[in-house]
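Student: From the sequence below, what's the structure:
(chains A and B)
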Amino acid sequence: MKKIYIIGIGGSGAKCARASIHLHAAGAYGKDVRLGVLLVDADASNGNLQAARESLQMAIEANRLLSETNVEIFSGSIKNYGYWNPLGDYADSLTLSDIYREAGLRSVDPGLGELFDCLISPDEKTADLSVGFRGRPSIGSAVVSRINATGFSQGPWPELINDIQADCANGDKPRIHLFGSIFGGTGSSGLPTLGTLIARQLKAVRNSVEITASVLLPYFDFDIPDDEDIYAEAKNFTLNTDAALQYFSRLAGQSFNCIYLVGDVIKQRYERPATGGPRQNNPSSCIELIAAAAASSETGDGYGNGAYLTVSDSATMTWADLPGQHTAKALIKSLRTCYTWHGNLYNEIRKAQHETDKLDFTVGAPWFDRFFALNANSSRPDVEGEDQSRQLAAFDKWAIDFLQWFQELCWSGSAREQLADIRDKTFSLAEGLKPDESREYIETLDELIIGQSLVKREQWRESVDLLKNSLADSKHRLEGVVGVVNSLQQII
Amino acid sequence: MNKRYLAGGIAIALGVIWITGITYSLITSFLPVSLPNPEAWAQQIYFPSSAVSTLLYIFFLLAWVFYSHTKRCKSSADAKMALGPWLMLLGMSWLSNIVCLVLFIQLTVVQAPANQSAMQGGSFVNNPPYEYLIPLALINALLLFWLPSVFLTQRTLRFIPPFSYQIQSILEKR
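Tutor: Have a look, this model is predicted:
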């Protein structure tokens, strides 16, 4: 079993981690993979961090209930190592002055106080760090650099390090993959530091472990946020990146087996920027998808200790641009599965739950009795059973999260929609146990995937009705909601 | 799937045997029809009318099979609406059977060998046994449209003909 441990650092790191969770759930990392997820951020209320944590919980729940499948979707396992806040030790001291005990520092050594003045501006010293490092590497570096190796004995680190060491002892070669941007605050300060510290901590088994990172170069842009005195400024991104790359090149680079640099010349513009907190919930981008795909790619290929995954000169992303052997294929399959589920099968199963005469329902849905019982004498699962309702809700929740995430990717193109034509769709969670009337029934998938040229005969075959017919005729081992999802992915 | 096509074929064959063979025998030998020469009547009116009706039944059946093959249903409720067209085709096929019989009865002059009554100056009285023909036409419709449609209906509409689910469950374990 392949083991991948991902660590998402900062807001962009959390977004990459979310992409990675979805890729893993879709089976893009391969069939027999265990994914461990740890999120790192100084801003616990960060919207992107929360979105990643929610996606993780949904994927874990769906994975737990639907793990029996023998298709790519949910074929691996996921472990949540939780969340770690670098400010944890300084929970009561949320300014740099407090953390460095500035008054004491000056009285003990005035020279150090002057050096502190030199490196940190007065605004930065007194900025409230409860919303993170405000896109300022200088603040982040000052905090993260105070974390030494003993930090691994606290929070989620001991369990993570133990698991990695246990994998090595079992003869596996686990992969630790870090995600973070190097043009903002948390990622640029946390990624090189944590990479180096982890490499040191795993010194005894270093040759059995791969430490890699997806480093995000500036790929978005925004106006000055109006909510803070001190804020992240897009104009500093290039300068921050230059400094961070120099640091990687000279000092931190050797700690990594491979570093993937990912960026975009065309910057995605965030309309309502926020420096931190719940409002910092920027939409996902294809850049994060590419960064996430790197977590399972081979190391060592490419130039030096860097690898060349993909490049595109087009303003829009195409499926061919996605790196990895299985990435595009797995994503297309999962997208088609989730789209069909959301726009058709979910409501059909919900309707069946409310039908008194299940045989009458199956008269118009021949697939139904292949997966669910029509009466008490059947050995198949009862569609009204609590277990089936739980599976239905868990998969639906994950499918909607996947579709919302993917929709954001489709929006992230600068010119027009890319990858899939779902720009105008609404994917929202159903309320209650009744069929969701707000979901429009979809009848065909022929225009879903952008760039897929189908001849007329193939277009005809993309009908959802034909897919459901294939479900009715499919030979399958699994029944109930798991069986429907499994068979749907198999035939789609 | 092959079993269903085989059963559909057998159902059509059974229907053809029924309409052209069994009913022919019933009219000529078993039913108390008030025809001077039942054999001549059956041969010259019922048999050709049955042959044309059989073709019409097969035409309506194929129309239904084609409809079920090409029909796309977004939901179970949508699929169940197809019972309307099915009933319509069943009704039309039965009606075409009756119309065909009436036309043959009205347009054909039965030529029978001279018998005692004719020699005494009586003429052939064409008094068709409608009291038997109409119920027989119903059985024709069941055997030549309903039963084959149970096996030959395609895709999502496969259980739309009444009792399809129960009959198909005998053939195929569900």
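
Student: For chain B, what's the nearest residue on the stretch 151-300 of chain A?
Tutor: When distances are taken as CB to the nearest CB, the stretch 151-300 of chain A approaches chain B most closely through residue A:284, which lies 30.1 Å from it. The way it works is simple: take the backbone N, C-alpha and C, and place the C-beta from them, glycine included.

Student: Just to be sure, that residue is in a strand?
Tutor: No. Inclusion of residue A:284 in a strand is not indicated when DSSP: H, G, I helix; E, B strand; the rest coil is applied; the result is coil.

Student: quick one: the residue of chain A found nearest chain B and residue A:460, what's the gap?
Tutor: Minimum separation of chain A from chain B (CB to the nearest CB) falls at residue A:364, amounting to 3.5 Å. Distance, residue A:364 to residue A:460, by CB to CB, to the nearest Å: 21 Å.

Student: Same check on residue A:361?
Tutor: From residue A:361 over to residue A:460 the distance is 26 Å, taken as CB to CB.

Student: Using CSV, list the CA coordinates for the helix or strand where residue A:288 lies.
Tutor: Secondary structure assigned from DSSP states H and E places residue A:288 in helix A:286-293. C-alpha atoms of helix A:286-293 as CSV (Å, rounded to 0.1, in the frame of the first residue of the first chain):
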residue,chain,number,x,y,z
CYS,A,286,-6.5,24.7,-11.3
ILE,A,287,-3.1,25.6,-10.0
GLU,A,288,-3.9,24.0,-6.7
LEU,A,289,-5.1,20.9,-8.6
ILE,A,290,-1.8,20.7,-10.4
ALA,A,291,0.0,21.2,-7.1
ALA,A,292,-2.1,18.4,-5.6
ALA,A,293,-1.4,16.0,-8.5
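
Student: which helices and strands does it pack with?
Tutor: helix A:10-26, strand A:210-216, strand A:258-262 (3 or more CB pairs under 8 Å, 6 or more residues apart in numbering or on different chains; DSSP states H and E).

Student: Out of the ones you listed, flag the one nearest residue A:402.
Tutor: Proximity of those to residue A:402 was assessed by CB to CB; the nearest stretch is helix A:10-26, lying at 5.6 Å.

Student: Of the helices and strands packed on helix A:286-293, which stretch is the most buried?
Tutor: The highest average neighbour count among the helices and strands packed on helix A:286-293, using mean count of other CB atoms under 10 Å in any protein chain shown, belongs to helix A:10-26 at a mean of 30.

Student: who are the neighbours of the helix or strand following that one, in terms of helices and strands?
Tutor: Helices and strands here follow DSSP H and E; after helix A:10-26, the next one along the chain is strand A:33-40. Using 3+ CB pairs under 8 Å, 6+ apart as the contact test, the elements touching strand A:33-40 are strand A:2-9, helix A:10-26, helix A:47-66, strand A:77-84, helix A:157-169, helix A:186-201.

Student: mean confidence for strand A:33-40?
Tutor: Over the span of strand A:33-40, the pLDDT mean works out to 95.

Student: Provide the strand pairings for it, with the direction of each partner.
Tutor: Strand A:33-40 has its sheet partners listed here by DSSP bridges as strand A:2-9 (parallel), strand A:77-84 (parallel).

Student: Just the C-alphas of the last one, formatted as CSV.
Tutor: Extracted as CSV, the C-alpha positions of strand A:77-84 are listed here (Å, rounded to 0.1, in the frame of the first residue of the first chain):
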residue,chain,number,x,y,z
SER,A,77,-8.2,5.2,3.0
ILE,A,78,-7.9,8.6,4.6
LYS,A,79,-6.6,9.5,8.0
ASN,A,80,-7.1,12.9,9.5
TYR,A,81,-4.1,14.0,11.7
GLY,A,82,-6.0,17.2,12.6
TYR,A,83,-4.9,20.7,12.7
TRP,A,84,-1.8,22.3,14.1
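
Student: And what about the residue nearest the centre of chain B, helix, strand or coil?
Tutor: Among the residues of chain B, the smallest C-alpha distance to the mean C-alpha position (CA atoms, centre = their mean) belongs to residue B:140, namely 2.9 Å. The local conformation at residue B:140, judged by three-state DSSP, is helix.

Student: Residue A:361 and residue A:460: which is more packed in?
Tutor: The residue with more neighbours, out of residue A:361 and residue A:460, is residue A:361; 23 against 14, by other CB atoms under 10 Å in any protein chain shown.

Student: Not counting sequence-adjacent ones, nearest residue to that one?
Tutor: Among residues not flanking residue A:361 along the chain, residue A:355 sits closest, at 4.4 Å (CB to CB, 6 or more residues apart in numbering or on different chains).

Student: Tell me how far the one you found lies from residue B:80.
Tutor: In this view, residue A:355 and residue B:80 are 11 Å apart by CB to CB.

Student: who has more neighbours, those two?
Tutor: For residue A:355 and residue B:80, the more surrounded residue by other CB under 10 Å is residue B:80, and the numbers stand at 19 against 16.
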